[in-house]
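Asks: sequence plus predicted model, see below.
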Amino acid sequence: MKTPIDVKLVDAQIEKLGVKDLSKATIREIVTLVNWIHEESGKEFVRMEIGEPGLTPPSVGIEAEINALKSGVASKYPMISGVPELKNEASRFIKNFINIDISPNSCIPTVGSMQGGYATFLICANLDAKKDTALFIDPGFPVQKQQYRVMGHKFESFDIFEYRGKKLREKLESYLSKGNINSIIYSNPNNPSWICLTEEELQIIGELATKYDVIVIEDLAYIAMDFRRDLHQPGKPPYQVSVANYTDNYVLLISGSKAFSYAGQRIAVAAISDKIYNRKYPNLLQRFGTEGFGYTFVSRIIYALSSGVSHSAQYALAAMFKAANDGKFDFVKEVKEYGVRAKKMKEMFLDAGFKIVYNKDLDEDIADGFYFTISYPGMEGGELVKELLYYGISAISLLTSGSTRSEGLRACVSQIVPDKMKLLEERLKVWKENHK
Ligand SMILES: Cc1ncc(COP(=O)(O)O)c(C=O)c1O
């Protein structure tokens, strides 16, 4: 059977990588493997393995950053709690696009949501000695579990696939009722599956978070990117859905990386509910010497991790938030391109005999966005990753995300510019021929 890239060449590179089962390979290992195959074969790849933004960063952010640097901020340490411009615009942004009130004081800049998550996980693990375990609603972003391993704190997780809608309540309660859970973590829209939790599901999560006194860590890395809803108008419904409508026990992680294509500058905001920000936890006093959640977060944890975030990146995000808040910059329109790509790509894969694994939000078809999930009848995920490499197509297995769908892969649309779309079409044509 003839494939676009020589089977022996690909197999030799897999052998060199030394990962026998590609369903266990990390994103970075697949990146390395594809680079090697590309170098050896000279053939272009359709790269769907990494979630790197594929759009240019907004000029309003870049200009604000340059101006900040020109004004001389580089010689000064930033205040750890953040520059007022960013805190104010973040608070406005949350009101305008989520319709939630969080005071500027409770909006803390972080070095990407990676740091926001790390700091939040760390504080949540130390709120109550009995609550030593976090709960992930999977599938999820694998690096966050890596963060738990680095910290040495415990977590549990379950795949939501079988527990959508009302079923979520019983499943969540089976964990929460044990009394050891300190927080619930998920991303919405979800990396890797692009499922979007419904209002009903968020209400269940919120109610149970209040009942069992746990913190919900809502990762909004893909805020406003459920393109089935028109979420671009500041201050007007519909809004980004959020657990913050149903509980006071939450931290929202809002990243500049994807919604604003600003990943390289590592800037995000952790927005802590005012009630939690001001709440005192005796256990924090024992562990960190301070007992307020927000105060400990800023002056103990972020201080220890990076002592704040570079001024210039803060000014960039502040300017992008401000432009969006003032209705002068439609950030949703910019990233809608991902939805357009996903729709085309899904059609191509379906036509070649693939299936979409996470295909529904209850009775609604899943949105087209940054990621989608695929499987091929009769193949396990590791096998499918490998076989697709013969066709010059790269993706990662869902197993690393805590998904139980061992047959599934995550496909990221961000790098698939029009030229690559044509290449994908050609490659899938050969796949279809070979799998008749
Ligand atoms: C769900 C989720 N959370 C967090 C991040 C990381 O965000 P940041 O670049 O702001 O650290 C990503 C990036 O891919 C993500 O997908």
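Replies: Sure, I can see it.

Asks: what does this protein have sitting close to the ligand?
Replies: Counting by Cβ under 6 Å from any ligand atom, the residues of the chain close to the ligand are 51, 112-114, 141, 187, 191, 219, 221, 255, 257, 263, 268. C-beta: built from backbone N, CA, C; applies to glycine.

Asks: go again using 8 Å as the cut-off
Replies: Neighbours of the ligand within the chain, by Cβ under 8 Å from any ligand atom: 51, 110-117, 140-141, 143-144, 187, 190-191, 219, 221-222, 253, 255-258, 263, 266-268.

Asks: buried subset of those residues as a PyMOL selection?
Replies: Here is the PyMOL command that selects only those of those that count as buried (16 or more other Cβ atoms under 10 Å):
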select buried, resi 51+110+111+112+113+114+115+116+117+140+141+144+187+190+191+219+221+222+253+255+256+257+258+263+266+267+268
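
Asks: give the full set of residues in contact with residue 109.
Replies: Residues near residue 109 by Cβ atoms under 8 Å, 6 or more residues apart in numbering: 82-83, 86-87, 90, 267-269, 308-309, 313-314, 317.

Asks: now with 10 Å?
Replies: Shown in contact with residue 109 (Cβ atoms under 10 Å, 6 or more residues apart in numbering): 78-83, 86-87, 90, 115-116, 256, 267-270, 302, 308-311, 313-314, 317-318.

Asks: and if you look at residue 207?
Replies: By Cβ under 10 Å, 6+ apart, residue 207 lies in contact with 169, 172, 243, 246, 247.

Asks: so the first one is in which element?
Replies: Using DSSP states H and E, residue 169 sits within helix 167-176.

Asks: and for the residue in the stretch 301-436 of the chain positioned nearest to the ligand, the neighbour number?
Replies: Among the residues of the stretch 301-436 of the chain, residue 370 lies nearest to the ligand; the distance is 8.1 Å by Cβ to the nearest ligand atom. By other Cβ atoms under 10 Å, the residues close to residue 370 number 26.

Asks: likewise residue 38?
Replies: By the other Cβ under 10 Å criterion, the neighbourhood of residue 38 contains 17 residues.

Asks: count of residues packed around the closest residue in space to it that isn't next to it in sequence?
Replies: In this structure, residue 38 finds its nearest non-sequential neighbour in residue 45, 5.7 Å apart by Cβ to Cβ, 6 or more residues apart in numbering. Using other Cβ under 10 Å, residue 45 has 22 neighbouring residues.

Asks: could you pull out the buried residues of the longest helix seen in the chain?
Replies: Counting by DSSP state H, the longest helix found in the chain is helix 331-351. Buried residues in helix 331-351, counted by 16+ other Cβ under 10 Å: 331-332, 334-336, 338-339, 341-342, 344-346, 348-349.

Asks: can I get these in TSV including pLDDT and distance to residue 231?
Replies: Listed next are the buried residues of helix 331-351 as TSV, based on pLDDT from 0 to 100; distance: Cβ to Cβ, whole Å:
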residue	pLDDT	distance to residue 231
331	96	10
332	96	6
334	93	13
335	95	11
336	95	10
338	96	14
339	96	12
341	96	19
342	97	17
344	97	22
345	98	22
346	98	21
348	98	27
349	98	26
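
Asks: where do the strands sit along the stretch 1-150 of the chain?
Replies: For the stretch 1-150 of the chain, strands defined by DSSP state E, counting those that start in this stretch occupy the ranges 46-47, 107-110, 133-138.

Asks: deepest in the core, which of the ones you listed is it.
Replies: strand 107-110 (a mean of 28; mean count of other Cβ atoms under 10 Å).

Asks: and that one, which strands flank it?
Replies: strand 268-272 (antiparallel) (DSSP bridges).

Asks: moving C-terminal of the strand it pairs with, what's the next helix or strand?
Replies: Next element after strand 268-272 (DSSP H and E): helix 274-278.

Asks: tell me which helix or strand comes right after that next one.
Replies: Following helix 274-278 toward the C-terminus (DSSP H and E): helix 282-288.

Asks: which parts of that following helix are buried?
Replies: In helix 282-288, counting by 16+ other Cβ under 10 Å, buried: 284, 287, 288.

Asks: surely the last one and residue 119 touch.
Replies: Yep, that's residue 288 we're talking about. No. Using Cβ atoms under 10 Å, residue 288 is not in contact with residue 119, being 11.8 Å away.

Asks: taking the protein, what residue is nearest to the ligand?
Replies: residue 112 (2.6 Å).

Asks: find the nearest non-adjacent residue to that residue, please.
Replies: Residue 112 sits nearest to residue 266 (Cβ to Cβ, 6+ apart), 4.2 Å away.

Asks: show me the contacts for that neighbour.
Replies: 110-115, 255-257, 306, 309-310, 313.

Asks: could I get the residues you listed as TSV with distance to residue 69?
Replies: TSV is the format used below for the contacts of residue 266 (distance: Cβ to Cβ, whole Å):
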residue	distance to residue 69
110	20
111	17
112	19
113	23
114	23
115	21
255	22
256	17
257	20
306	18
309	14
310	9
313	10
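
Asks: nearest to residue 427, of the residues you listed?
Replies: Nearest to residue 427, judged by Cβ to Cβ, of these is residue 257 at 28.7 Å.

Asks: measure the closest one to residue 136 for me?
Replies: Residue 257 sits 20 Å away from residue 136, taking Cβ to Cβ, to the nearest Å as the criterion.

Asks: residue 1: neighbouring residues, count only.
Replies: Neighbour tally, residue 1, other Cβ under 10 Å: 8.

Asks: check contacts around the residue nearest to it when sequence neighbours are not counted.
Replies: Sequence neighbours aside, residue 434 is the residue nearest to residue 1 in space, at 5.2 Å (criterion: Cβ to Cβ, 6+ apart). Residues near residue 434 by Cβ under 10 Å, 6+ apart: 1, 2, 3, 387, 390, 391.

Asks: pLDDT added to those, as a markdown table?
Replies: What follows is the contacts of residue 434, written out as a markdown table (pLDDT from 0 to 100):
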| residue | pLDDT |
| --- | --- |
| 1 | 83 |
| 2 | 92 |
| 3 | 96 |
| 387 | 97 |
| 390 | 98 |
| 391 | 98 |
